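> Show me the folded form of this:
(one chain, ligands or ions: 1)
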Amino acid sequence: ASEDLQVYLDFAISLAREGAQLILEGSKARYVSQGMVVSKSDPTDLVTETDKKVEEVVKKRLKERFPQHKFIGEESVSNGEVLVLTNEPTWIVDPIDGTTNFVHGFHYVAISIALTINKETVVGVVYNPFLNELFTASKNSGAFLNLSTRLPLSHPHPPLPLPSSLSHCLVLAEYGHDRTPHVIDKKTMSIYNMLTRPGDNRWGDSGKKAGLVHGVRSLGSGALNLCTVAKGQADLYWEVGPWVWDVAAATLILEEAGGIVVDAYGPDEGPADFLGRRFLGVRAGSPVPGDKTGRESQLRLAKEMWDV
Ligand code: IPD
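Now for the predicted structure:
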């Protein structure tokens, strides 16, 4: 990493560790029974005292250390701060990604910290203290698990070639918090199309192609879904609905691990718009003959996904 980026990365790691300590302490509280968990705008969008405490601490430390930098945090926005992403250096923080998992004791929970410059993430840290997995990346310097293992992982499973078709993929997809019937209908239709054979479409002949993927999984954390794809343990992550704080850090981690993140609706081949709330990540993999970087193969899968 360049010297500056290394300074930012080290600081982000120390903040993630401090936040993680609070998350572990908070996990001892019996949230649901003590009424310490409340819903935000959607009834399934939960927040706990720990989310608020972690964000407060991280925000305070950042203000002290980098007073000129901007800050975007999930709970600050929930409390009425306006969500604007400018070209200024901006720290984007999700104190707990996977709050529902946190409340239920399902250990896919992470603190996510990103620094963007010119609206691009240059440093990303995602830390799951329950599984003790620290994912880090800085621009052009690769992505790592627990600081020393380069992503994607090559042990214990040797990396599989990237499937040439969606029908051989393991997909991570989420239902999200917006349970409005028409939103859930659209999402379940896309997931149905991923799961079924072409021509099986019980939703009517929409002209969409179906997939027959190997499987669909939901970890309940956008950040950890992307990091799992960065590890190479799943082929794709698809979600409509996540916020910038869910994905800003993990996007860089996946890209630095050789993957791509694009708009889940396509067909724009550029990076996904961070505020657009539609993300499709594809992992790195051995390229098909003639495709040196793998990008062509990744975009081919993305295109199939845009069609479901
Ligand atoms: C949520 C998680 C979940 C995703 C939602 C996010 P939160 O974040 O990442 O997997 O489906 O879109 O909002 O609320 O736990 O920080």
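> Leaving out the residues flanking it, which one is nearest to the closest residue to the ligand within the stretch 201-308 of the chain?
Closest contact between the stretch 201-308 of the chain and the ligand, by Cβ to the nearest ligand atom, is at Gly222 (3.6 Å). Every residue, glycine included, has its C-beta placed from N, CA and C. In space, Gly222 comes closest to Asp246 once its chain neighbours are excluded; the distance is 3.6 Å by Cβ to Cβ, 6 or more residues apart in numbering.
> The one you found: neighbouring residues, count only.
As a burial measure, Asp246 scores 28 neighbours (other Cβ atoms under 10 Å).
> By mean pLDDT, point me to the weakest helix or strand of the protein.
Across the helices and strands of the chain, the lowest-confidence element by mean pLDDT, DSSP states H and E is strand 37-39, at a mean of 78.
> other SSEs contacting that strand?
Packing partners of strand 37-39 (3 or more Cβ pairs under 8 Å, 6 or more residues apart in numbering; DSSP states H and E): strand 46-48.
> after the strand it packs on, next one along is what?
For strand 46-48, the succeeding helix or strand toward the C-terminus, using DSSP states H and E, is helix 49-65.
> what about the stretch 51-200 of the chain, any weak spots by pLDDT?
Where the stretch 51-200 of the chain drops to pLDDT under 70, the residues are 197-200.
> That one against the ligand: which residues are in contact?
Within the stretch 51-200 of the chain, the positions lying close to the ligand (Cβ under 6 Å from any ligand atom) are Glu74, Asp94, Asp97, Gly98, Thr99, Glu174, Gly176, His177.
> Make sure Tyr175 is indeed in a strand.
No. Counting by DSSP: H, G, I helix; E, B strand; the rest coil, Tyr175 falls outside a strand, being coil.
> Count the residues that sit near the closest residue to it other than its chain neighbours.
Once flanking residues are discounted, Tyr175 sits nearest to Lys187: 6.0 Å by Cβ to Cβ, 6+ apart. By other Cβ under 10 Å, the residues close to Lys187 number 20.
> circling back: pLDDT on the helix or strand harbouring the residue nearest to Gly222, on average?
For Asp246, the host element (DSSP H and E) is helix 244-256. The average pLDDT within helix 244-256 is 98.
> Now do it and helix 49-65, the angle between them.
Angle of helix 244-256 versus helix 49-65, following axes from the mean of the first three to the mean of the last three Cα atoms, to 10 degrees, is 70 degrees.
> What's the first helix or strand after helix 244-256?
Counting by DSSP H and E, the element after helix 244-256 in chain order, helix or strand, is strand 260-263.
> my read is Val126 is in a strand, agree?
Yes. Looking at Val126 with three-state DSSP, it is inside a strand.
> Quick one: neighbours of it, just the number.
Val126: 30 surrounding residues under other Cβ under 10 Å.
> Can you name the residues that contact it?
Neighbour list for Val126: 16, 97, 110-113, 134-135, 223-224, 227, 249-250, 253 [criterion: Cβ atoms under 8 Å, 6 or more residues apart in numbering].
> go on, Ala173?
Lys187, Ser190, Ile191, Met194, Val216, Arg217, Ser218, Tyr237, Trp238, Glu239 are the contacts of Ala173 under Cβ under 8 Å, 6+ apart.
> What's opposite it in the beta bridge?
Using DSSP bridges, the bridge partners assigned to Ala173 are Trp238.
> I'd like to know how far it sits from Ile111.
Distance of Ala173 to Ile111, computed by Cβ to Cβ, to the nearest Å: 23 Å.
> The residue of the stretch 201-308 of the chain closest to the ligand: neighbouring residues, count only.
Neighbours of Gly222 under the rule other Cβ under 10 Å: 30.
> ok, which pair from the residues of the stretch 51-200 of the chain next to the ligand is furthest apart?
Glu74 and Glu174 (16.0 Å; Cβ to Cβ).
> More neighbours: the two, which one.
Set Glu74 next to Glu174 and count neighbours by other Cβ under 10 Å: Glu74 wins out with 25 against 22.
> The more buried one touches Val93, doesn't it?
Yes. Using Cβ atoms under 8 Å, Glu74 is in contact with Val93, at 7.2 Å.
> Need the overlap of contacts for the two.
Common neighbours of Glu74 and Val93 are listed as Glu55, Trp245 (criterion: Cβ under 8 Å, 6+ apart).
> ok, and what's touching the longest helix seen in the chain?
Assignment by DSSP state H gives helix 3-26 as the longest helix of the chain. Helix 3-26 has contacts (Cβ under 8 Å, 6+ apart) with 1, 48-50, 53-54, 57-58, 61-62, 65, 95-96, 102, 109, 111, 113-115, 122-127, 129-130, 134, 136, 138-139, 141.
> Noted, bye for now.
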